[in-house]
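Peer 1: need the 3D shape of this:
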Amino acid sequence: MLIFEQMKYTLFIFLVAVFFSATSCKKDAFITSKDALLQLSEDTLHFDTVFTSTGSITQYFKIFNPNNQKLLLSGVELMGGSSSYFKINVDGTPGTVFQNIEIAANDSLYTFVTVSINPSAANLPFVVRDSIRISYNGNVRYMQLEAYGQNAVFLNNREITKDTTWNNTLPIVILGGLVIDSAKTLTINKGCKVYVHADAPIIVNGTVKAIGDKYDSTRIVFQGDRLDDPYKNYPGSWPGIILSSSSKDNVFQYAIIKNAYQGVIAQLPAADNNPKLTLDECILDNIYDVALGAVNSSISARNCLISNCGYNVYLQSGGNYTFNQCTISSYNNDYVTHKNAVFNISNNDATNSYPLNCTVVNSIIYGDGGLVNDEITVNKLGNTAFGIAMNNVLYKVKNDPANIVFSNSIKNQSPLFDSIDVNNHFYNFRLQAGSPCINKGAATSVNFDLDGNTRNTVAPDLGCYETL
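Peer 2: Numbers count the residues shown, from 1 in each chain. Sure thing, here's the model as predicted:
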């Protein structure tokens, strides 16, 4: 009886071994049927705007073998060959034609793709296309490649040593940095689009005059040069604009500055009696650190939207500042955590105090989510001249900060912005019907808003937008 049981056990072990051996052999064999399955993770790889000669990030797709046997790819070929704008790398090897590539059963293979578009005489955007042909078991599959390319003016470690004008003919791409010499002026005309690389601060020792217009196509835009998803919306993608101690008379109107590490920083007073920086009808958005900053300087801002930044406004060591019809607001989101007040002002540095004068009129200072109770912070040191007045302002704080004089203002009410969708990163800072900001402003000489729409000058709305 015992011998019989041992024989059954031995037979069982033998059958199991045969089964696994057969299974293993089957997996080690190639599937040759034309009905073999092959799957691609994408059917098209699309590259957003790629500036000529700068190239793009690498994208990839996966070739899946969902069969229970190995699959032999007889060929993977970039159809444009060596003259293609696209370059491919299959499983770690660059080239244009690959043959006899094995994919294990229920496994996959990575194929990486980049694109580089050579400069041409074409001024308009254009689309370049190619495809990758994948052959196996008498079958052919194609992966489509598509890139939206554009020629541009490239400035690499450029120093502006004479008065210079940029026109809206081609985009401007700044690589390595841009320096505007003292006593020299860079004029940027309406519609110019300026794309800045991650290593390229804009340092203004002289003057910038960036004068756009109210239409979307004629506003001036400063942003990073990565326009591919998801990087095109990331904050901190370029360093920002620094107005040095020698800079003066800078004017930005109908300009958009977005996705920078810092927006515009003004250092020390101007050499004349004019504001060092005039911001009219400008948008500073999605900036990782300080959007609008100053160190003992002077700024005049009108009809500006400063939104969703690490520090929307940060004014240090005194200075002279006016904000008229501005919306300064942040919502906690997964790009920039709302952990700092949107309006920060002080009259001191680490050891000294300086005169400070700041007036905020017909504006909104508001934030939501995150860790902030007080959206205005004030730091006063010493007995130097100190004055902060906020007139006809909607603001959010737990306790009114000392050293600010508020008049005709609205505290801790929602401004009822038109649409805020944090999950989808959609923010419309215009006002809903019923907003407490409507017709609550003091009479003003500002007769239009950020959109260029006519304002009610007797009782305007608070903030940068007037309801229609």
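
Peer 1: which parts of the protein are helices?
Peer 2: 2-28 (DSSP state H).

Peer 1: tell me the domain ranges of it?
Peer 2: 39-149, 152-431 (automatic domain parsing).

Peer 1: residue 28 is nearest to which of these?
Peer 2: Nearest of the domains of the chain to residue 28, taken as CB to CB: domain 39-149 at 6.9 Å. Bear in mind the C-beta positions are built from the backbone N, C-alpha and C, glycine included.

Peer 1: on that earlier part again, would a markdown table of the domains of the chain with mean pLDDT and distance to residue 438 be doable?
Peer 2: Below are these laid out as a markdown table (pLDDT from 0 to 100; distance: least, CB to CB, whole Å):
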| stretch | mean pLDDT | distance to residue 438 |
| --- | --- | --- |
| domain 39-149 | 90 | 39 |
| domain 152-431 | 96 | 6 |
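
Peer 1: redo those as CSV? Include distance to residue 449.
Peer 2: Formatted as CSV, those follow (distance: least, CB to CB, whole Å):
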stretch, distance to residue 449
domain 39-149, 30
domain 152-431, 6
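
Peer 1: out of those domains, which one sits most buried?
Peer 2: domain 152-431 (a mean of 20; mean count of other CB atoms under 10 Å).

Peer 1: ok, now which ones touch the closest residue to residue 421 other than its chain neighbours?
Peer 2: Nearest residue to residue 421 in three dimensions, chain neighbours excluded: residue 427, at 7.6 Å (CB to CB, 6 or more residues apart in numbering). Going by CB atoms under 8 Å, 6 or more residues apart in numbering, residue 427 touches 307, 308, 331, 417, 419, 420, 421.

Peer 1: ok, 10 Å please
Peer 2: Counting by CB atoms under 10 Å, 6 or more residues apart in numbering, residue 427 makes contact with 285-286, 305, 307-308, 329-331, 333, 417-421.

Peer 1: name the nearest of the residues you listed relative to residue 59.
Peer 2: residue 286 (23.6 Å).

Peer 1: show me the contacts for the residue nearest to that closest one when sequence neighbours are not counted.
Peer 2: Of all residues not flanking residue 286 in the chain, residue 235 sits nearest, at 4.9 Å (CB to CB, 6+ apart). Residue 235 is in contact with 224, 258-261, 285-289, 291, 308-310, 335-336, counting by CB under 10 Å, 6+ apart.

Peer 1: how about residue 428?
Peer 2: Per CB under 10 Å, 6+ apart, neighbours of residue 428: 417, 418, 419, 420, 421, 465.

Peer 1: that one bridge partners, please.
Peer 2: residue 419 (DSSP bridges).

Peer 1: do you know how far it is from residue 465?
Peer 2: 9 Å (CB to CB, to the nearest Å).

Peer 1: between the two, what contacts are shared?
Peer 2: Taking CB under 10 Å, 6+ apart as the criterion, residue 428 and residue 465 both touch 417, 418.

Peer 1: circling back to that earlier point, in strands only, show me the contacts of residue 427.
Peer 2: If you go by DSSP state E, the contacts of residue 427 have 285, 305, 307, 329, 330, 331, 417, 418, 419, 420, 421 in strands.

Peer 1: so the residue nearest to residue 189 when sequence neighbours are not counted versus residue 393, what's the distance?
Peer 2: Among residues not flanking residue 189 along the chain, residue 167 sits closest, at 5.1 Å (CB to CB, 6+ apart). When distance is defined by CB to CB, residue 167 is 39 Å away from residue 393.

Peer 1: rewinding a little: any chance of the contacts of residue 428 in a markdown table, plus distance to residue 92?
Peer 2: Below are the contacts of residue 428 laid out as a markdown table (distance: CB to CB, whole Å):
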| residue | distance to residue 92 |
| --- | --- |
| 417 | 50 |
| 418 | 50 |
| 419 | 47 |
| 420 | 46 |
| 421 | 42 |
| 465 | 53 |
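
Peer 1: what is the nearest of those residues to residue 54?
Peer 2: When these are compared against residue 54 (criterion: CB to CB), the nearest one is residue 421, at 32.8 Å.

Peer 1: need the contact list for the closest residue to residue 32 other than its chain neighbours.
Peer 2: Take residue 32 and drop its neighbours on the chain: the residue closest to it by CB to CB, 6+ apart is residue 137, 6.1 Å away. Going by CB under 10 Å, 6+ apart, residue 137 touches 30, 31, 32, 33, 34, 35, 36, 38, 71, 72, 73, 74.

Peer 1: sitting in strands, which of those do you find?
Peer 2: Using DSSP E, these in strands are 71, 72, 73, 74.

Peer 1: just checking, the second one touches residue 98?
Peer 2: Meaning residue 72. No - under the criterion of CB atoms under 10 Å, residue 72 is not in contact with residue 98, lying 12.0 Å apart.

Peer 1: one step back: how close does the residue nearest to residue 286 sit to residue 289?
Peer 2: On the measure of CB to CB, residue 235 and residue 289 end up 9 Å apart.

Peer 1: what's the overlap in contacts for those two?
Peer 2: Common neighbours of residue 235 and residue 289 (CB under 10 Å, 6+ apart) are 260, 261, 309, 310, 336.
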